[in-house]
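>>> test case, fold it:
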Amino acid sequence: MMDLSTTYLGLNLKNPLVASASPLSKKVERAQRLEEAGIAAIVMYSLFEEQIIHESLELDHFLTRGSNSSAEALSYLPDSGTYALGPKKYIEHLTALKKAVKIPVIGSLNGVSKGGWVDYARFIQDGGADALELNLYYIPTDSSLSASDIESAQVELVAAVKANISIPLAVKLSPYYTSLPNFAKRLAEAGADGLVLFNRFYQPDFDLEALDVIPNLDLSTSSDLRLPLRWISILHGQVKADLALTSGVHIAQDAIKAMMAGAKIAMMASNLLHNGEQAVPSMLNEMGWWMQTHEYESIRQMQGSMSRQSVAEPAAFERANYMKVLNSWRELP
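Numbers count the residues shown, from 1 in each chain. The predicted structure is shown next:
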């Protein structure tokens, strides 16, 4: 019997498959079905900073300095009862989820400023969350803000959230940092117990008839795995925080690659939204079969085995790989 168990943020998980923040956690019944199918933990959909500000009318300096989180952005928030519920409803739903399932439930906050809304990190903890995921989804639009300003503000935010809670804290990042290893190290030093790589930025589109900017949603594919796979491979062993891979986990081989890169868990949303919870048991069975065939006894045995510090050619993760890929192209005769 293959041992699929792993640990993440100090939590003991029966396997590395975790449902990431998405509408999957909106209904208690869906969460129960995911648990029955074999999902090891669930990250709740995000509670957005804008929702809390909208309810409490507490504006913070970061939102008044050219952030994309302007007052107009509130019009993009769903009505209560559609996708994201208000702050009080969010805590109530979290508590209901915790009562309905035995697997860990991780709360999710999405924001960028260090204001009074940070108190909601403690409310999520008091609601029963086993851990908290802080989603640093931020698009800089103000040319007066430097990269250093933004990174320092986000590190301060992580420290402030960590100071308000006693449960483990994970930070969900984008890949768009000049020196991701340095920033990841600073976040770990500020108190982040885990790092989730990467947030998917949903790019807007233009409606040429209405002459309007419209939201656009594309679910991930396995090809999206490559970016977080590379960076987890690079960060493994350099940062004192658990690493979680998200984006592009659709088949058993994707999850296995995530483990070999150095991730503790592989998060899924698009696969589950598209194929339903029945995708979980087949993935777990295939992972067990692959491990048996390749003589792996446990998930822990393979974690980090293909990271940058473990492979024979670490340059495969660096600039040398860029040249190798370009030189591999051959025109058709």
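>>> tally of neighbours for F48?
Using other CB atoms under 10 Å, F48 has 25 neighbouring residues. The C-beta positions use only the backbone N, C-alpha and C, and glycine is treated the same way.
>>> so G237 makes contact with V311?
No - between G237 and V311 there is no contact under CB atoms under 8 Å: 11.9 Å.
>>> show me where pLDDT drops low in the chain?
Applying pLDDT under 70 to the chain flags the ranges 53-85, 116-117, 312, 314-333.
>>> please, where are all the strands along it?
6-8, 11-13, 17-19, 41-43, 47-48, 105-110, 131-135, 169-173, 194-197, 205-207, 212-214, 242-246, 265-268 (DSSP state E).
>>> residue contacts, the closest residue to L11 other than its chain neighbours?
Once flanking residues are discounted, L11 sits nearest to P104: 4.9 Å by CB to CB, 6 or more residues apart in numbering. Neighbour list for P104: L11, L13, A40, A41, I42, D130, A131 [criterion: CB atoms under 8 Å, 6 or more residues apart in numbering].
>>> got TSV for the residues you listed, with distance to I214 and neighbour count too?
Supplementary listing: these in TSV, determined by distance: CB to CB, whole Å; neighbours: other CB atoms under 10 Å:
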residue	distance to I214	neighbour count
L11	39	21
L13	38	21
A40	36	25
A41	34	26
I42	30	24
D130	37	18
A131	35	24
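>>> now for the residues you listed: which two are most distant?
A40 and A131 (12.8 Å; CB to CB).
>>> re the thing from before, out of the strands of the chain, which is closest to Q154?
strand 169-173 (8.4 Å).
>>> on that earlier part again, and which of the contacts of P104 is nearest L272?
Closest to L272, out of all of these and judged by CB to CB, is I42, at 10.4 Å.
>>> surely the closest one is in contact with V105?
Yes - using CB under 8 Å, I42 makes contact with V105 at a distance of 5.4 Å.
>>> residue ranges of the helices in the stretch 101-250 of the chain, please?
Along the stretch 101-250 of the chain, the stretches classed as helices by DSSP state H, counting those that start in this stretch are 119-126, 147-164, 180-190, 226-235.
>>> need the winner for burial among those helices.
helix 226-235 (a mean of 22; mean count of other CB atoms under 10 Å).
>>> which residues sit against that helix?
175, 180-181, 184, 195, 197-198, 243, 245-248, 257-258, 261-263, 306-308, 317.
>>> switch to 7 Å and redo it
175, 180-181, 184, 197-198, 243, 245-247, 257-258, 261-263, 306-308, 317 (CB atoms under 7 Å, 6 or more residues apart in numbering).
>>> that helix vs helix 180-190, what angle?
Interaxial angle of helix 226-235 relative to helix 180-190 (axes from the mean of the first three to the mean of the last three CA atoms, to 10 degrees): 70 degrees.
>>> next, the angle from helix 226-235 to strand 242-246.
170 degrees.
>>> now helix 226-235 against strand 169-173, angle please.
Using the same axes, to 10 degrees: helix 226-235 against strand 169-173 is 130 degrees.
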